[in-house]
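Enquirer: After the sequence you'll find the predicted model.
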Amino acid sequence: MLSIKLDTSAIRKQISDLQKQIPFATSLALNDLAFQAMRAENDAMSRIFDNPRPFTQNSSRVRKASKRNLIAIVSLKDAQAKYLTPYESGGQHETPGKGLLIPADIRLDQFGQLPNGLIKRLAERKDVFVGTVHGISGFWLRTPKLNANGKPKGGRRGVLNATRHQNTGLTLLLRFGDNKPVTKRMHYRDRVAEVVAKNGPRALELAMRKAIATAFR
């Protein structure tokens, strides 16, 4: 009778080493997919919104997975989430007050939006006040008094002159409007799911190759 024995200790050690690398490989794949999803979300902002500011364009972030915590999270940054969340889950526009600020006679920034800090600057001006004139509420500019020729000393007549033929001596800068439900949708969660479904197998394959190479150096 012939007895055959094999020394499998080396193979068992390699298998054990490989098993130890699985959490590492999983975390690599999760983080790869998370950053792919983050880039997809940021790229989509220019398609969802017309000429968004960089602040909105780069609104997503990643919390990375680790070997001990196999969860990678893609989410909106806190500041951007305040006004972008209604575009995902519905609701009204996020505003600092109860209504929308609608430009009337004010210079917009390069993105077609109210410049940062505008409201604070207007509130500090002595020639600007917030009030209701002839039923229109908003930020109003007091225009200069007339000169000896009966013409304004610079500036221009208020917009009410054009709409109601009344010389108010005021210019409407910003009008308060009723808040409205958000109609656009970002489809944020759907986009993340699409990235994972499309690129998940490939990301895991590449991560396993890297983990194996690391295990058997």
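Expert: Received, thanks. Numbers count the residues shown, from 1 in each chain.

Enquirer: what's the neighbour count on residue 125?
Expert: The number of residues packed near residue 125 is 12, by other Cβ atoms under 10 Å. To be clear about C-beta, it is placed using only N, CA and C from the backbone, and glycine gets the same treatment.

Enquirer: Per-residue pLDDT of it, please?
Expert: According to the model's per-residue confidence, residue 125 sits at a pLDDT of 87.

Enquirer: Can you pull the phi and psi angles for it?
Expert: Main-chain dihedrals, residue 125, degrees, to the nearest 10: phi -80, psi 140.

Enquirer: for residue 142, same thing?
Expert: With angles defined as degrees, to the nearest 10, residue 142 shows backbone torsions of phi -80, psi 120.

Enquirer: That one contacts residue 133, correct?
Expert: No: under the criterion of Cβ atoms under 8 Å, residue 142 is not in contact with residue 133, lying 11.0 Å apart.

Enquirer: and for the two, which residues touch both?
Expert: Residues touching both residue 142 and residue 133 (Cβ atoms under 8 Å, 6 or more residues apart in numbering): residue 170.

Enquirer: what about the closest residue to residue 106 other than its chain neighbours, how many residues close to it?
Expert: Distance criterion Cβ to Cβ, 6 or more residues apart in numbering; nearest residue to residue 106, sequence neighbours excluded, is residue 173 at 4.8 Å. The number of residues packed near residue 173 is 20, by other Cβ under 10 Å.

Enquirer: would you list every one of the strands in the protein?
Expert: Listed from the start of the chain, the chain has strands (DSSP state E) covering 60-63, 73-76, 99-103, 128-133, 136-142, 170-178.

Enquirer: for the second one, which positions count as buried?
Expert: Just to be clear, that refers to strand 73-76. Going by neighbour count (16 or more other Cβ atoms under 10 Å), the buried part of strand 73-76 is 74, 75, 76.

Enquirer: Any chance of a markdown table for those, columns pLDDT and distance to residue 40?
Expert: As requested, the buried residues of strand 73-76 are exported to a markdown table (pLDDT from 0 to 100; distance: Cβ to Cβ, whole Å):
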| residue | pLDDT | distance to residue 40 |
| --- | --- | --- |
| 74 | 97 | 9 |
| 75 | 96 | 14 |
| 76 | 96 | 14 |
